[in-house]
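# What shape does this take:
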Amino acid sequence: DLWPRWSGGGPRRRRAAGRRPGRPPPGPLAMASWLFFLFQYGSKPQYEERMEVEDAPRLKELWRDMEQRCFEKYLKEVNDDQHGIHVYQVLQHEVAQCKALMRTDTRREVIQECTNKLVALSRRCQSAMP
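Next up is the predicted model:
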């Protein structure tokens, strides 16, 4: 007779921790997806490729050259009747953005994206008709 008193009123059906009543236990599909997730996470590289420190000055020089060539073309084409902004102004802004980004983020992928954007703007500048 002591058993019901100290246990809180009799035997109770315990439910598994973390499961709601009436919900079936996770099946093999849930386990397989969890294992696949762990496999994917484990096979991911733990670092991202970074740009070498000695490459930064050469890259900045390349960006400066693109900006300078576009600036020379801008000086030949600019007039007071032109409305809107010239490609040089956009290029100048993007070069400044890329230089600022390079100070904090040296991932090769990010720098490559910046360079591709600058090359496209430089080509657009060089092909623009006066």
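# which other helices and strands contact the lengthiest helix in the chain?
Longest helix in the chain, counting residues (DSSP state H): helix 55-77. Judged by 3 or more CB pairs under 8 Å, 6 or more residues apart in numbering; DSSP states H and E, helix 55-77 is in contact with helix 87-104, helix 108-127. C-beta: built from backbone N, CA, C; applies to glycine.
# so Asp80 is in which element?
Assigned by DSSP states H and E, Asp80 belongs to no helix or strand.
# repeat for the one 5 residues further on
Using DSSP H and E, no element contains Ile85; it sits outside every helix and strand.
# quick thing: my sequence starts at 20, can you match it?
Yes, from this point I'll number from 20; that puts the last item at Ile104.
# And it, how far from Asp84?
22 Å (CB to CB, to the nearest Å).
# which residues are in contact with the longest helix of the chain?
Helix 74-96 is contacted by residues 70, 105-108, 110-111, 114, 117-118, 121, 125, 130, 134, 137-138, 140-141, 144-145, 147, 149 when judged by CB atoms under 8 Å, 6 or more residues apart in numbering.
# Swap in 10 Å and give it another go.
70-71, 105-111, 113-115, 117-118, 121-122, 125, 127, 130, 133-134, 137-138, 140-149 (CB atoms under 10 Å, 6 or more residues apart in numbering).
# Please save the CA atoms from that helix in PDB.
Written as PDB, here are the backbone C-alpha positions of helix 74-96 (Å, rounded to 0.1, in the frame of the first residue of the first chain):
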ATOM      1  CA  ASP A  74      48.400  39.800 -55.100                       C
ATOM      2  CA  ALA A  75      46.500  42.700 -53.600                       C
ATOM      3  CA  PRO A  76      48.800  45.500 -54.800                       C
ATOM      4  CA  ARG A  77      48.800  44.100 -58.400                       C
ATOM      5  CA  LEU A  78      45.000  43.800 -58.400                       C
ATOM      6  CA  LYS A  79      44.600  47.400 -57.100                       C
ATOM      7  CA  GLU A  80      47.000  48.600 -59.800                       C
ATOM      8  CA  LEU A  81      44.900  46.800 -62.400                       C
ATOM      9  CA  TRP A  82      41.800  48.500 -61.100                       C
ATOM     10  CA  ARG A  83      43.500  51.900 -61.100                       C
ATOM     11  CA  ASP A  84      44.600  51.400 -64.700                       C
ATOM     12  CA  MET A  85      41.000  50.600 -65.800                       C
ATOM     13  CA  GLU A  86      39.800  53.600 -63.900                       C
ATOM     14  CA  GLN A  87      42.500  55.900 -65.500                       C
ATOM     15  CA  ARG A  88      41.700  54.800 -69.000                       C
ATOM     16  CA  CYS A  89      38.000  55.400 -68.500                       C
ATOM     17  CA  PHE A  90      38.800  58.800 -66.900                       C
ATOM     18  CA  GLU A  91      40.700  59.800 -70.000                       C
ATOM     19  CA  LYS A  92      37.800  58.800 -72.200                       C
ATOM     20  CA  TYR A  93      35.500  60.700 -69.900                       C
ATOM     21  CA  LEU A  94      37.500  63.900 -70.200                       C
ATOM     22  CA  LYS A  95      37.200  63.700 -74.000                       C
ATOM     23  CA  GLU A  96      33.500  63.000 -74.000                       C
END
